[in-house]
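Colleague: Model the structure of this input:
(chains A, B, C and D, ligands or ions: 4)
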Number of protein chains: 2
Amino acid sequence: MVEYLGRVMIGAPEGDIRDKFRRSGYTLTSQRRAVLDALEEAGGHPSTEDVYLIVKRKNPRVALGTVYQALAVLEEIGIITSKHWAETPTRYDLNLRPHLDIRCTGCGAVSEVPGVALGDLGAEIQHNTPYEVHNTTLVVEGLCPTCQRG
Amino acid sequence: MVEYLGRVMIGAPEGDIRDKFRRSGYTLTSQRRAVLDALEEAGGHPSTEDVYLIVKRKNPRVALGTVYQALAVLEEIGIITSKHWAETPTRYDLNLRPHLDIRCTGCGAVSEVPGVALGDLGAEIQHNTPYEVHNTTLVVEGLCPTCQRG
DNA sequence: TCCAAAACAGGAATGGTTATTGGTCGAGTA
DNA sequence: TACTCGACCAATAACCATTCCTGTTTTGGA
Ligand SMILES: [Mn+2]
Ligand SMILES: [Mn+2]
Ligand SMILES: [Zn+2]
Ligand SMILES: [Zn+2]
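Modeller: Numbers count the residues shown, from 1 in each chain, chains lettered A, B, ... in the order given. Ligands and ions are numbered 1, 2, ... in the order given. Sure, this is the predicted structure:
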């Protein structure tokens, strides 16, 4: 569950995963493990369906609903994150750090955008609203190099 | 179709609306006009359903699909904008200027957050990705003052 | 006025996601 | 080891925002 992209480590270490399961009260079942492995195998930003197809290769008995449920649990206990783009299924990400993902409206590919300083937008927003700010996500869309040539 | 919030004008002037319809080739039908009026009457950030209910008060024959279609046209020709929060219906906005909206996860209310300088995030992102950046939206969620006391 | 194109009403269909239900598994206990 | 109880799971139905389809109506232009 640890993976390297260049010098950047993504994915929680095995110990952290066990800790988070233990502390949450959820159990690390074989299905949830399989979903986690599938996320790793998929790489990048798979949808629930993507994860489901990978999991099913090794265990054809797993149900799609179980994958939805497992991903919700993994997100709740802080092992993965999710992002939503309009009119497309939710994408999941092993990368827990705040970062920027862009989605190609042509082919649906999602890539990370390095080098953009987001500052502490959450704090700045909090200063300007009476709301209690819980979540700020930058949703970016565009055309990937391949689709620009389409 | 012009409205004032403090000193800030929102909503395109009548002339602009006609221009945009004429240039686009779409016709300004009574249903599309009714949808635009309903957006104004609703104020804020109504969903399609919200708009539909208002339109239906004056013309019970209008179909929900027509409202979806009309809103899509209005957005396409640049009279309104839309924003999407995860797991909730699309919200529409007469405010065409780039600005920040926060949604309460308790009651669903959407409010605008003034005073946050977004800079030109789009340009900065463009410098850091080979994608052709088309759209960057900041999606903010939290709890409104009322729901904080829940 | 007449015609072809665009728009509409009504309702069925779609697709991602969630809820329900009845059976299974497994960690803790005697 | 055998038992128990709750968490988990598979299967499937239900949900809900949105889109699609079909036949009808409206619209703007010849
Ligand atoms: Mn990412
Ligand atoms: Mn707004
Ligand atoms: Zn692409
Ligand atoms: Zn609220």
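
Colleague: Pass me the low-pLDDT residue ranges in chain A, would you?
Modeller: A:1-10 (pLDDT under 70).

Colleague: can you list the residues of chain A near ligand 3?
Modeller: Taking Cβ under 5 Å from the ion as the contact definition, chain A meets ligand 3 at A:104, A:106-107, A:144, A:147. For the C-beta atoms, the positions are set from N, CA and C on the backbone; glycine is no exception.

Colleague: nearest residue to the residue of chain A at minimum distance from ligand 4 other than its sequence neighbours?
Modeller: Ranked by Cβ to the ion, the top residue of chain A for proximity to ligand 4 is residue A:131, at 8.2 Å. The spatial neighbour of residue A:131 that comes closest, neighbours along the chain excluded (Cβ to Cβ, 6 or more residues apart in numbering or on different chains), is residue B:142 at 4.0 Å.

Colleague: Can I get the helix or strand where the one you found lies as PDB, trimmed to CA atoms?
Modeller: Here residue B:142, judged by DSSP states H and E, is contained in strand B:132-143. What follows is strand B:132-143, C-alpha atoms only, in PDB (Å, rounded to 0.1, in the frame of the first residue of the first chain):
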ATOM      1  CA  GLU B 132      -5.700  22.900 -21.900                       C
ATOM      2  CA  VAL B 133      -7.500  24.200 -18.800                       C
ATOM      3  CA  HIS B 134     -11.200  25.100 -19.500                       C
ATOM      4  CA  ASN B 135     -12.800  25.300 -16.100                       C
ATOM      5  CA  THR B 136     -11.700  25.700 -12.500                       C
ATOM      6  CA  THR B 137     -14.300  25.800  -9.800                       C
ATOM      7  CA  LEU B 138     -13.800  26.000  -6.100                       C
ATOM      8  CA  VAL B 139     -16.400  23.800  -4.300                       C
ATOM      9  CA  VAL B 140     -16.800  24.700  -0.700                       C
ATOM     10  CA  GLU B 141     -18.900  23.000   1.900                       C
ATOM     11  CA  GLY B 142     -19.600  23.700   5.500                       C
ATOM     12  CA  LEU B 143     -22.300  24.400   8.100                       C
END
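
Colleague: circling back: mind listing the residues bridging to the residue nearest to residue A:131?
Modeller: Beta bridges link residue B:142 to residue A:133, residue B:104 when assigned by DSSP bridges.

Colleague: is it true that it touches residue B:102?
Modeller: Yes - contact criterion Cβ atoms under 8 Å: residue B:142 and residue B:102 qualify, at 5.6 Å.

Colleague: tell me the contacts of the most centrally placed residue in chain A?
Modeller: The centre of chain A sits closest to residue A:93, judged by Cα atoms, centre = their mean, with a distance of 1.9 Å. The neighbours of residue A:93, taking Cβ atoms under 8 Å, 6 or more residues apart in numbering or on different chains as the test, are A:45, A:80-83, A:101.

Colleague: Chain B contacts on chain A?
Modeller: Residues of chain A lying near chain B by Cβ under 8 Å from any Cβ of the partner chain: A:84, A:86-87, A:90, A:100, A:102, A:104-105, A:111, A:113-116, A:121, A:124-125, A:127-145, A:148.

Colleague: which of those residues are buried?
Modeller: Those of the residues of chain A next to chain B that meet the buried threshold are A:84, A:86, A:90, A:100, A:102, A:104-105, A:111, A:113, A:116, A:121, A:124-125, A:129, A:131-133, A:136-144, by 16 or more other Cβ atoms under 10 Å in any protein chain shown.
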